[in-house]
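> model this:
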Amino acid sequence: MRWPSAAVDRRTLLIGGGAGLGLIIAFAAWPRRAGSPLRGAAGEQVFGPYLRIAQDGRVTVAVPQAETGQGAWTGLAQIAADELGAAWDMVAVEPAPLAPGYANRLLSKTRLTAQSSSIRAFEGPLREAAAMARAMLCSAAAARWKVDASACEARDGFVISGAKRLGFGDLAEEAAGVRAPASAALRRGVLAGQSLPRLDLPAKSDGSLRFAGDVRFAGLRFASVRIAPPGGRVTAFDRAAAEANGARIVSREGWIAAVAETTWAASGALDAASPRFSGPANADTPAIEQALIAALDRPMATVVDEGDYDAAVEGKRPLAATYRIAPTPHLSLEPASATVRFSGDRLEIWVATIAPDLARASAAKAAGIGEGQVTLYPMPVGDAGSGAMGGDLIAIAIAVARAIKAPVALTMPAATGQNHDACRPPLAARISALADASGGLASWHGRFAGAAGLDAALARAAGEALPDFVARGATPPYAAAAMRIEAASVDLPIRCGYLRGDVEPLMSFANESFIDELARARGVEPLAFRIGLLGGQPRLACALGSAAGRGGWDGGARGSSLGIACASGFGSHIGLMAEASIGPDQRIQVTRLVAAVDAGRLVNPGLVEQQVEGGLLHALVSATGAGPEIIAGMPRARPLAALGLPTLKALPRIEVVLLPSEEASGGVSGLGALVLAAAVGNAIFAATGMRLRRLPFDAMNAA
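Modelled structure (predicted):
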């Protein structure tokens, strides 16, 4: 495969190193005036958006994205190592520092790990930095051997020219003194496309990887917190009972915290305090659903208007259906935690966050100091859930640390975490369509009422007003002579946030369920009907056909228990066939999933398979578990046993087919969420004739 020439030159990179340091290459866009933040002092925690080659031959890749279990550290390091020609067993990773120059510009103006964007956003900058480093290593070797640099190549951690070879470590210091070439061409080495082992798994497996809740140092006190409902406040608590065993209470209008020698003691003190809170009225599950359904009957903003829709439906009665999706909780296993320490006029923070720049900015605001006085250590993220933006928890931890004049590790109890989970927003959708005599679509009309998810979380973290709902993914992939898509933002009494895939899976569930309904209403086989409408989407059609073929699609006739769905998103395409039925206990049983994925060029096929499987299982839990019960604007806390989660024994057999492609690499983490619910719902209809139009599914409450 041939790669295009890199748009990289010595003006776009910050190059450093030399005696005792090796070679340091910055990513493009790092501001020169900032200098190099990378230092080699013993014991210093080093952060920097750099590719570093040490004198012992070790290659360190500083990764801008958070590791949330998706394999970003491995995939991005593999890209750099492949372009450089490094040996994989000599590659390490470290988090990059907070710097505006390394914003995830695919999504926002800040550092952000979301929406399956890590490879798409940073493959280019990493390859460019590695290509420049490779060129400089080859130049250093060529000078030593007195040959032309074009006669040298980098492979397996060595620069090679005929029988001559020198390790990267032997050349690093000399390479740092080489004048960078005017440009460096990209290539594809031998590591791309290999299922290399993940760099984060050994430490996760043996417990040595430290998360935010594992931070320890002298003088640290431990705190637990209870938080009022949205718009509510603390109304009463028993301070004497809480402090009877040595705990200290710190309270503000919207929260109450206890500080003790251990987290357990702090939580016990809060139990003894028996805090009471006020909360909003008319902020429960029925009120939320009523608000969404009412919005479907009001005027909406037009998002797409193609063809003459009014003429297409005049005097006709399109098939129509309404879909309802409840808020989707994160069901986080990692408790949200933040550790803060003041040292003079400086503040240090250890926190798991997918938006570290915003977390630092909100910390500075909460502390009343400049951002330059805040050092934030972005810890590995166990779950990109309610605490993943970091802002609210950090602000509370700062207030507690100042009140007790000591460093504090604040952990949110599991029940509090559920109560204040920023769920993926709910949605109501009404879709109608007319099929024409030739089997195509004469019209398609989608109306969507919802609230912002990721956009809302970012706005809260930045201290900005909540944005309107944007119906991303609402336009189906199917060709229609006339199409109209409308959307309305609904002011909901709950906090909404980001969950894998954001709002796109909500739209996809409605669209892929309805296209199945339309096919069956016309008496047309669902796969053939879809394929006939995907003439402009050949990669998606191929993915759908591959999933159906590999899965043994039987046409989905009544009693077959097979359902299909497909979607494009995050630069990738997926087709899914599901086998599902309703068991004697009236619970949905999914026994088999066959997915075909076109994700462009694959950096690491093993990571892609893991993320597709993980995304499917995550979506399965969301679709078949118990929905949240909203009270006073908060999901009611429940033990895991009450959430209706599938057991390991009940999980389906999953097969993932990766389709070859030389297109640009796409994202995969959110792909499973786009198709799982619709494919399972369509399978249930085939098996039982029961159409499930609500998420999470409830076989006792079908449409």
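
> pick out the residue closest to the middle of this protein.
Ala114 (3.5 Å; C-alpha atoms, centre = their mean).

> which residues does Thr110 contact?
100, 103-104, 355, 357-358, 458 (C-beta atoms under 8 Å, 6 or more residues apart in numbering). Any C-beta I mention is one placed from the backbone N, CA and C, and that applies to glycine too.

> run the last query once more with 6 Å
103, 357-358 (C-beta atoms under 6 Å, 6 or more residues apart in numbering).

> ok, Pro628 next?
Pro628 neighbours (C-beta under 6 Å, 6+ apart): 327, 329, 635.

> run the last query once more with 10 Å
285, 288, 326-329, 331, 418, 421, 423, 426, 494, 634-638, 643, 696 (C-beta atoms under 10 Å, 6 or more residues apart in numbering).

> which helix or strand contains Leu51?
Under the criterion of DSSP states H and E, Leu51 resides in strand 50-53.

> what strands line up against that strand, and which way round?
Within its sheet, and counting by DSSP bridges, strand 50-53 is paired with strand 22-26 (antiparallel), strand 59-63 (antiparallel).

> could you tell me the least trusted of the ones you listed?
Mean pLDDT is lowest for strand 22-26 out of the strands paired with strand 50-53, coming in at a mean of 59.

> Gly633 versus Ala281, what's the distance?
From Ala281 across to Gly633, the span is 10 Å (C-beta to C-beta, to the nearest Å).

> what does Ile404 give?
In this view, Ile404 and Gly633 are 30 Å apart by C-beta to C-beta.

> what does Val59 give?
Taken as C-beta to C-beta, the span from Val59 to Gly633 is 49 Å.

> okay, those two: which has more neighbours?
Val59 (28 against 24; other C-beta atoms under 10 Å).

> any idea what that one is bridged to?
Applying DSSP bridges to Val59 gives these bridge partners: Ile53, Val91.

> ok, the nearest residue to Val503 once chain neighbours are set aside - contacts?
Distances taken as C-beta to C-beta, 6 or more residues apart in numbering place Gly453 nearest to Val503, at 5.1 Å, with adjacent residues excluded. When the contact criterion is C-beta under 10 Å, 6+ apart, the partners of Gly453 are 114, 327-328, 422-425, 427, 469-470, 472, 496-499, 501-504, 506.

> redo that, cut-off 8 Å
424-425, 496-499, 502-503.

> could you do Leu533 as well?
Contacts of Leu533 (C-beta under 8 Å, 6+ apart): 440-441, 478-480, 515.

> look up how far Leu518 lies from it.
10 Å.

> show residues contacting stretch 553-562.
Counting by C-beta under 8 Å, 6+ apart, 525-527, 551, 563-564, 577-581, 682-683, 686-687, 689 sit against stretch 553-562.

> buried sites along it?
By 16 or more other C-beta atoms under 10 Å, the buried positions in stretch 553-562 come out as 553, 556, 561-562.

> list the buried residues for stretch 170-189?
For stretch 170-189, a neighbour-count test (16+ other C-beta under 10 Å) marks 170-176, 178, 180-181, 183-184, 186-187, 189 as buried.

> same question for stretch 153-162.
154, 156-161.

> and Thr591, how many residues sit next to it?
14.

> okay, buried residues for the helix or strand hosting Cys566 please.
Here Cys566 sits within strand 562-569, counting by DSSP H and E. Buried residues in strand 562-569, defined by neighbour count with 16+ other C-beta under 10 Å: 562-569.

> how far does it sit from the chain's center?
20 Å (C-alpha atoms, centre = their mean, to the nearest Å).

> quick one: contacts for Cys566?
Listed by C-beta under 8 Å, 6+ apart, the contact set of Cys566 reads 477, 512, 530, 534, 540, 543-544, 547, 573-576, 675.

> how far away is Glu94 from Thr339?
Using C-beta to C-beta, Glu94 is found at 19 Å from Thr339.

> between those two, who's got more neighbours?
Thr339 (27 against 18).

> the more buried one: which element?
With DSSP H and E as criterion, Thr339 is part of strand 337-343.

> contact partners of that strand?
Strand 337-343 is contacted from outside by 211-213, 215, 217, 220, 347-352, 363, 387, 390, 393-394, 396-398, 401-402, 407-412, using C-beta under 8 Å, 6+ apart.

> how about the helices in the stretch 501-650 of the chain?
For the stretch 501-650 of the chain, the helices defined by DSSP state H, counting those that start in this stretch cover 504-521, 526-533, 538-551, 605-624.

> quick one, which of the ones you listed is packed in tightest?
Across the helices of the stretch 501-650 of the chain, the average number of neighbours (mean count of other C-beta atoms under 10 Å) peaks for helix 504-521, which reaches a mean of 25.

> extract the C-alpha trace of that one and format it as PDB.
Taking C-alpha atoms only, helix 504-521 is exported to PDB below (Å, rounded to 0.1, in the frame of the first residue of the first chain):
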ATOM      1  CA  GLU A 504     -26.600   8.400  17.100                       C
ATOM      2  CA  PRO A 505     -27.700   4.900  18.400                       C
ATOM      3  CA  LEU A 506     -31.100   6.400  19.400                       C
ATOM      4  CA  MET A 507     -31.700   7.600  15.800                       C
ATOM      5  CA  SER A 508     -30.500   4.300  14.400                       C
ATOM      6  CA  PHE A 509     -32.800   2.200  16.500                       C
ATOM      7  CA  ALA A 510     -35.800   4.100  15.300                       C
ATOM      8  CA  ASN A 511     -34.700   4.100  11.600                       C
ATOM      9  CA  GLU A 512     -33.600   0.500  11.500                       C
ATOM     10  CA  SER A 513     -36.700  -0.700  13.300                       C
ATOM     11  CA  PHE A 514     -39.000   1.200  11.000                       C
ATOM     12  CA  ILE A 515     -37.300   0.100   7.700                       C
ATOM     13  CA  ASP A 516     -38.000  -3.400   8.900                       C
ATOM     14  CA  GLU A 517     -41.600  -2.600   9.600                       C
ATOM     15  CA  LEU A 518     -42.000  -1.000   6.200                       C
ATOM     16  CA  ALA A 519     -40.500  -4.100   4.400                       C
ATOM     17  CA  ARG A 520     -42.800  -6.500   6.300                       C
ATOM     18  CA  ALA A 521     -45.800  -4.300   5.700                       C
END
